[in-house]
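> Okay, sequence plus prediction incoming.
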Amino acid sequence: MSGKHVLVVDDEEDILELVRFNLSREGYRVDCVGTGEEAIKIIKSKQPDLMVLDLMLPGIDGFEVARFLKRDPETSNIPIVMLTAKTEEADVLTGLEMGADDYVTKPFSPRILTARIKAILRRDMLAFPEESSAVKIHNLVVHPGRREVLVDDKPVRLTFTEFGILNALVRRPGWVFTRTQLVDEVRGSEHLVTDRSVDVQIVGLRRKLGPAGAYVETVRGVGYRIQDELD
């Protein structure tokens with residue numbers, strides 16, 4: 001992971017210095033800013049490999065910064081780790097719905113934050129090798145190497161997590177995945193799993209797939225699977 005560029009956005013100087021120190025010690029190139037406006041300027045000039053983002057910022061808040069990233073095709077795949085004191089489920093779910101890949105609540109352990117960042121960057125590099133073959137389920141095609149999804153030959157833009165869940169499902173059509181298994185497939189078993197957060201990702205995935213979203217079946221009391229046969 002040496003040399004990876006991480007952008008840290010937080011309005012508390014002591015937190016910025018704490019995160020900078022720990023990430024720099026691991027070999028990351030770290031930029032730290034205190035406002036959403038500064039974050040957007042850096043993103044436009046030199047895209048980071050990952051962003052650690054506080055939600056409560058002066059001016060443009062973290063939610064708006066996340067929306068900015070996810071709206072632009074050139075930055076939509078940049079992973080986001082939310083670092084926030086907002087611990088209510090609604091706030092966390094809003095961040096996940098907007099495409100955040102993980103969240104760490106304040107007060108936090110620098111070692112845990114560093115481990116989460118390392119895990120996300122490692123999966124981003126290794127989860128979708130170029131030699132992986134495409135998978136077709138009905139009119140849905142998933143290209144793991146290109147991280148591309150097509151429905152009726154039209155591209156569908158997904159977040160990193162949505163793509164990971166879909167890729168896991170289509171690789172084993174008909175196989176029922178629990179929510180915990182799906183999160184492990186995308187992020188690794190060290191991630192804090194909540195049933196609701198997986199459900200939110202599935203809702204977003206189905207919506208973006210349109211009619212093909214019906215292929216993602218809910219198996220009540222267990223989890224999810226991709227239909228391998230149409231009725």
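In hand now; what should we look at?
> Remind me what the worst-scoring helix or strand of the chain on mean pLDDT packs against, helices and strands.
One helix or strand of the chain scores below all others by mean pLDDT, DSSP states H and E: helix 89-97, with a mean of 72. Secondary-structure packing of helix 89-97 (3 or more C-beta pairs under 8 Å, 6 or more residues apart in numbering; DSSP states H and E): helix 62-71, strand 80-84, strand 102-105, helix 195-209. C-beta here means a position set from N, CA and C on the backbone, and glycine is covered the same way.
> Not counting its own residues, what contacts that helix?
55, 62-63, 66, 80, 82, 84, 86, 103, 161, 196-197, 200-201, 204 (C-beta atoms under 8 Å, 6 or more residues apart in numbering).
> Surely Thr178 is in contact with Gly221?
No - counting by C-beta atoms under 8 Å, Thr178 sits too far from Gly221 to count as a contact (10.0 Å).
> Have a look at the two and say which one is more surrounded.
Using other C-beta atoms under 10 Å as the criterion, Thr178 and Gly221 rank with Thr178 on top: 15 against 5.
> now stretch 164-181, how far from the centre of its chain.
Distance of stretch 164-181 from its chain centroid, counting by C-alpha atoms, centre = their mean, to the nearest Å, is 17 Å.
> Then stretch 13-20?
Per C-alpha atoms, centre = their mean, the displacement of stretch 13-20 from the mean C-alpha position of its chain is 23 Å.
> List the contacts of Ile120.
Leu50, Pro79, Val81, Asp101, Asp102, Arg187.
> Excluding chain neighbours, what is closest to the residue nearest to the spatial centre of the chain?
The chain has Asp101 as the residue nearest its centroid, 2.7 Å off, counting by C-alpha atoms, centre = their mean. Residue nearest to Asp101 in three dimensions, not counting chain neighbours: Pro79, with 4.4 Å by C-beta to C-beta, 6 or more residues apart in numbering.
> mind listing what that neighbour touches?
Taking C-beta under 8 Å, 6+ apart, we find Pro79 in contact with Asp49, Leu50, Met51, Asp101, Asp102, Ile120, Leu121, Asp124, Phe160.
> Tell me, how many residues neighbour the first one?
What that stands for is Asp49. With other C-beta under 10 Å as criterion, Asp49 counts 19.
> Would you enumerate the residues in contact with it?
Shown in contact with Asp49 (C-beta under 8 Å, 6+ apart): Lys4, His5, Val6, Ile78, Pro79, Leu121, Asp124.
> In contact with the first one: list those residues for me.
When you say that, I think you mean Lys4. The contact partners of Lys4, by C-beta under 8 Å, 6+ apart, come to Gly27, Tyr28, Arg29, Asp49, Leu50, Leu121.
> Angles on the backbone of the residue nearest to it when sequence neighbours are not counted, please.
Leaving out its chain neighbours, the residue that sits closest to Lys4 by C-beta to C-beta, 6+ apart is Asp49, at 4.5 Å. The phi and psi values for Asp49, taken as degrees, to the nearest 10, are phi -80, psi -20.
> mind putting the contacts of Ile120 in TSV, distance to Val33 and pLDDT included?
Shown next, in TSV, are these (distance: C-beta to C-beta, whole Å; pLDDT from 0 to 100):
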residue	distance to Val33	pLDDT
Leu50	14	94
Pro79	17	89
Val81	15	91
Asp101	20	77
Asp102	20	80
Arg187	26	64
